[in-house]
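> sharing a model prediction with you, sequence too.
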Amino acid sequence: MKQILVTGSKGQLGSEIMDLINHYPEFQFLFTDVEELDISDHQQVEEFFQNQNIDHCINCAAYTAVDLAEDDREMAMRLNYLAIENLSKVCKIHETLLVHLSTDYVFDGTNHKPYTETDKPSPNSVYGLSKLKGEQAVLDFAGSAIIFRTSWLYSGYGNNFVKTILRLASERNELNVVNDQVGTPTYASDLAKAILDILKSPDRSNGIGIYNYSNEGVISWYDFAKAIVEISGLDCEVLPIESKDYPTKANRPFYSVLNKSKIKSVYNIQIPYWLDSLKKAIKVLQAT
């Protein structure tokens, strides 16, 4: 039985993976967060791997506070870059396949067609730069690795756009949401399933590298918010505004749609449409 280590397991993706473990009896899972395993501590990680027979490591640990990263560059780099270099080196020593999560923020958002895995990254925020450097560390040091670039991640767990809109829409009669930033939401449960399906696929070793994954479809944050409010049945009007009317510390990509042809052709996976997944997610949230 293959053993999978999931780091950063209390976050959105790690929590969704935990919810799926009964569907993957061929794997034994080991879930850790920073309290059990600080991936920035080389000695701690090395000792942990020595005491466990880890076949695959899914790294969900990350610094995700996009705006705070502009003022806390050192912490963002430590968690998204240096810690990943450390984990990659240990994975190589122990011949562990590393699965690492990255982001659409490695691009500046000036494209006019969906980004492919071979497009040149050009981050325009500290967060995006830290994630890009983390990607490079994986490619340089991990030995065998799969990097998933994803976008607009949300879940029933943690802090995310869907939960924020649901909360605000229940408190207010009106919300302003930017309509000039375009991309695709990703339900963390769908991503978790895709990762685990790929890890159990017999041709996994043929596809080492970078893969884009988000749900299908293209929308703005305004469209996303409007759908959240309508599906949830809340009485709140969502109004479109431009990004200039909602300034943020960090620059956001105006266009961050990801081309998913590679992951679909290599692994023959079906990717759900964003609206279908959003309906499922809100149903789960409303049931809790």
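Yep, it's here.
> low-confidence ranges, this protein, go.
Low-confidence regions of the chain, defined by pLDDT under 70, span residues 203-207.
> strands of that one, residue ranges please.
Listed in chain order, the strands of the chain (DSSP state E) span residues 2-7, 27-31, 56-59, 97-103, 145-150, 153-154, 174-178, 182-183, 186-187, 209-212, 219-220, 237-241.
> deepest of those strands, which one?
Scoring the strands of the chain by mean neighbour count under mean count of other C-beta atoms under 10 Å gives strand 186-187 as the most buried, with a mean of 27. Glycine gets a C-beta too; all of them are placed from N, C-alpha and C.
> what strands line up against that one, and which way round?
With DSSP bridges as the test, strand 186-187 is paired with strand 153-154 (parallel).
> what does the partner strand contact?
For strand 153-154, the external contacting residues (C-beta atoms under 8 Å, 6 or more residues apart in numbering) are 12-13, 160-163, 185-188, 191, 281.
> and those residues as a markdown table, adding distance to L79?
Formatted as a markdown table, those follow (distance: C-beta to C-beta, whole Å):
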| residue | distance to L79 |
| --- | --- |
| Q12 | 16 |
| L13 | 15 |
| N160 | 19 |
| F161 | 21 |
| V162 | 24 |
| K163 | 22 |
| P185 | 24 |
| T186 | 21 |
| Y187 | 24 |
| A188 | 19 |
| L191 | 20 |
| A281 | 26 |
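> by contact count, what packs against whichever helix in the chain runs longest?
Longest helix in the chain, counting residues (DSSP state H): helix 126-141. Contacts defined by 3 or more C-beta pairs under 8 Å, 6 or more residues apart in numbering; DSSP states H and E place helix 126-141 against helix 73-77, helix 83-93, strand 97-103, strand 145-150.
> among the ones you listed, which is nearest E26?
Minimum separation from E26 across the helices and strands packed on helix 126-141 (C-beta to C-beta) falls at strand 97-103, 14.8 Å.
> can you lay out the strands of the chain as TSV showing distance to A137?
Below are the strands of the chain laid out as TSV (distance: least, C-beta to C-beta, whole Å):
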stretch	distance to A137
strand 2-7	15
strand 27-31	22
strand 56-59	11
strand 97-103	9
strand 145-150	10
strand 153-154	21
strand 174-178	32
strand 182-183	25
strand 186-187	23
strand 209-212	13
strand 219-220	32
strand 237-241	38
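> quick revisit: mind putting the helices and strands packed on helix 126-141 in CSV, distance to S220 included?
Formatted as CSV, the entries for these read as follows, by distance: least, C-beta to C-beta, whole Å:
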stretch, distance to S220
helix 73-77, 26
helix 83-93, 31
strand 97-103, 18
strand 145-150, 18
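> for Q286, find the nearest of these.
Smallest distance to Q286 across the helices and strands packed on helix 126-141 (C-beta to C-beta): 24.4 Å, for strand 145-150.
> send me the closest one as CSV with only the CA atoms.
What follows is strand 145-150 as a C-alpha-only set of coordinates in CSV (Å, rounded to 0.1, in the frame of the first residue of the first chain):
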residue,chain,number,x,y,z
ALA,A,145,7.4,16.0,-9.2
ILE,A,146,4.1,17.1,-10.5
ILE,A,147,3.2,20.8,-10.1
PHE,A,148,-0.4,21.9,-10.4
ARG,A,149,-1.2,25.5,-11.2
THR,A,150,-4.6,26.4,-10.1
